[in-house]
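**Student:** How does the following fold in three dimensions:
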Amino acid sequence: MGRRPLRVASVGGGPAGLYAALLLAKANPDHDITVHERYPPDVTFGWGVVFSDATLGRFREADLRSYTQITDSFVRWSAIDIFYRGERLRSDGHAFAAIARKQLLRILQQRCADLGVTLEFSSEVALDDVAGADLVLGVDGIRSAVRDAHGGWFQPRLDERRAKYIWYGTDLVLDSFTFLFRDSPHGLFQVHAYPFDGTRSTFIVETTEETWRRAGLDTADEAESIAYCEALFADHLRGARLLSNQSRWVNFVTVRNARWVHDNVVLLGDAAHTAHFSIGSGTKLAMEDAIALAQAVDEHPDLPTALAQYEKERRPVVERFQDAAQDSLEYFENIPRYTHLEPLQFAFYLLTRSGRITYDSLRLRDAEFVAGVDRWFARGPAAGEGPGPLLVAPPPALTAIRLRAVELVNRVVVAPVLAAPAADGEPGEDVAAELSSWAASGAGLVLTPPLAVTPEGRATPADPGLYRPEHAAAWSRVVKAARDAGPALVGARLGHAGPRGATRPRREGVDLPLRAGGWPLLAASARPYAPGAAVPAAATPADLDAVIAAFARAAEAADDAGFDLLVVDAADGYLLSSFVSPLTNRRDDGYGGPLEHRLRFPLEVVTAVRAAWGEDRPLAVRLTASDLADGGTTVPDAVAAARAFAAAGCDLVEVRAGHTTPRARPAYGPGHLVGYADQIRNEARVGVLVGGGLITLGDVNTVLAAGRADLAVLDPRRR
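**Tutor:** Numbers count the residues shown, from 1 in each chain. Just a heads-up that it's a prediction; the model follows:
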């Protein structure tokens, strides 16, 4: 559509500023565009830039001439090599293309000049200097002066990360995207390396700050840092040199902004957002910003409308990339967490770390690599297990797993919400029919909803229980019907609603007293559960002993009913959860205060359940990994709790998040359950059951093959 000629000032002459300038000039030659760059034209930081096929398609549509010049300069390859524990693990079928950063800038600079864009290098400008411009592009990097001049509006958030890294080049010519993991006397170092022209490669060295300091790199000069890294990776460099381009040790900074547009000022590239270098998307995102901005300006005569359209289009795309980059960043920050994994599983986790590659997509790229993962997973990590090599193996989700004396035919779990109510805790024929249908679904394990261990332990009067002798007989019929329907085993969740039992019981339409008629409410403390709700009574030692005995009796009843697995519910705000979380446990006796005291009562319950349940069948605990970003249960708390429950006889931790109180929100949201499970499994070294957003077998295969969980719940509501 076009619009009146604009006077445009780009504060910054990196790829985002140059590409935006040339696209705006191409769309309307009457625009008066000036690019101000603080450095000379041949000065830049870093070495190579990587692009994906999808990005290149956008470049071709935006400007064919620069696209042709860029792609003519490309180095292309398809392999990823992972060097770990003395092994090289290669995955092929990945399309990469890279170019020297200086060459990319030269191409964009020349194209701008050809289109009449004014380029002013060694030009340090302030916003006052470009006040007469109709449109100001803030493309001056992570520490953007343009952004900071309107910081109250843009509301930038700069998250400086923990790891230290240094961006080298090398005259070693690589033929793959290469990850190196090297132990040193000072700690673990890792390298991200890839080719970018016919003679050189990028070579990024990363480590923890603690290792960096122990190695003396905090006081090393440029030459000393190079010498240390060359010696550490000498066998991979094979005599090649590391090359410095004003290289120094820094911390990565994740940049986010509440807004990208203020009047006629718009942010692009690193001034607006950053994505960790491990997914190679910084320059890609910056140049795609430029494409979106130029299109919006060309399509909307009204500049405010154009800028609003630019932000509306780009923000969701960028935020998805930032989420993936955050997962990748946290993986590399926490590499020591995963060094116990066997090489093939370690490599699979690395390839799928950000969620952009999954089990299914990797199988399309490199079927043999995934087949090797399947064979390894089916065989088990123990070397030499079995009579000979496997030729055919099921995917991880369909691989059997043994828990004590019980074997599940596969690792898929369903935990349906039953529609049929129970009568005084007793399940009827409708419950048997529902669970039987799920047992016939092909899953390896079906879990019941929470079964109350006492009448007052129900969250509602319609909830099922396991507290009367006839309940065991009724559940025995349910379990038998489920076993007749399919190969799935059946697990029972045992719980006590505690402060969640705030529903007033009714009999023939008449409300019963909350603390009479056999419906006392228990909690870790007398603090209200929710505004306006009944105040649950603080549990006394006698109450606690009674609850422990009730759990033990329920475990014996579960044995009589024929259940295969038990889960003790210490999550979602139930009674045991209210003891674990500092949000709800305000006791000042031996059951409150530090974590080890808050765990005391739940551990007493688990110990009693294990004794009643016996040693030959699996026992799990449902545990909240995070219930509030500030002041509640933290993931390190959950790791410590998982270790304690494992020591008390639990074989699995079912990971949950939030729900401790109506206000409770996990640190990263309930969709991050797999991340919580990952940390608990790989730090506490306990078996983990996890759900949350796993809606296909491919999702389950990805999580299991990477060693992020051992069993996975498919969401039946999203099938």
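**Student:** wouldn't G14 be in contact with M287 here?
**Tutor:** No. Taking contacts as C-beta atoms under 8 Å, G14 lies outside contact range of M287: 9.7 Å. C-betas here are computed from N, CA, C, even on glycine.
**Student:** Excluding sequence neighbours, find me the nearest residue to A570.
**Tutor:** Nearest non-adjacent residue to A570, counting by C-beta to C-beta, 6 or more residues apart in numbering: L576, 3.7 Å away.
**Student:** What mean pLDDT does the host helix or strand of the one you found get?
**Tutor:** Assigned by DSSP states H and E, L576 belongs to helix 575-580. For helix 575-580, mean pLDDT rounds to 93.
**Student:** do the same with stretch 372-388
**Tutor:** Stretch 372-388 carries an average pLDDT of 71.
**Student:** now swap in stretch 481-492 and tell me
**Tutor:** 93.
**Student:** Kindly report the same for stretch 198-215.
**Tutor:** Stretch 198-215 shows a mean pLDDT of 96.
**Student:** Buried ones in that stretch, by neighbour count?
**Tutor:** Within stretch 198-215, the residues scored as buried using 16 or more other C-beta atoms under 10 Å are R200, S201, T202, F203, I204, V205, E206, T207, T208, T211, W212, A215.
**Student:** okay, how far is it across that stretch, tip to tip?
**Tutor:** 33 Å (C-alpha to C-alpha, to the nearest Å).
**Student:** Stretch 238-247 too?
**Tutor:** Where stretch 238-247 begins and where it ends lie 21 Å apart, using C-alpha to C-alpha.
**Student:** Likewise for stretch 373-390?
**Tutor:** End-to-end distance of stretch 373-390 (C-alpha to C-alpha): 11 Å.
**Student:** How about A397, nearest residue that isn't a chain neighbour?
**Tutor:** Nearest one to A397, counting by C-beta to C-beta, 6+ apart, is V700 at 4.2 Å.
**Student:** Remind me what the host helix or strand of that neighbour packs against, helices and strands.
**Tutor:** When elements are assigned from DSSP H and E, V700 belongs to helix 697-705. The contact analysis (3 or more C-beta pairs under 8 Å, 6 or more residues apart in numbering; DSSP states H and E) places helix 697-705 against helix 343-352, helix 359-365, helix 367-379, strand 711-714.
**Student:** Out of these, which is closest to P487?
**Tutor:** For P487, the closest of the helices and strands packed on helix 697-705 is strand 711-714, at 15.2 Å, according to C-beta to C-beta.
**Student:** could you give the mean pLDDT of the closest one?
**Tutor:** In this model, strand 711-714 carries a mean pLDDT of 94.
**Student:** Direction included, what does it pair against?
**Tutor:** Within its sheet, strand 711-714 is paired with strand 412-414 (parallel), strand 687-690 (parallel), according to DSSP bridges.
**Student:** Could the C-alpha coordinates of that strand be exported in CSV?
**Tutor:** The C-alpha coordinates for strand 711-714 follow below in CSV (Å, rounded to 0.1, in the frame of the first residue of the first chain):
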residue,chain,number,x,y,z
LEU,A,711,6.7,-43.1,33.9
ALA,A,712,4.4,-40.6,32.2
VAL,A,713,0.7,-39.7,32.6
LEU,A,714,-1.2,-39.1,29.4
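**Student:** gap between it and the chain center?
**Tutor:** 17 Å (C-alpha atoms, centre = their mean, to the nearest Å).
**Student:** Mind listing residues that contact that strand?
**Tutor:** With contact meaning C-beta atoms under 8 Å, 6 or more residues apart in numbering, strand 711-714 is reached by 397, 401, 408, 411-415, 443-445, 447, 652, 687-692, 694-695, 697, 699-700, 703-704.
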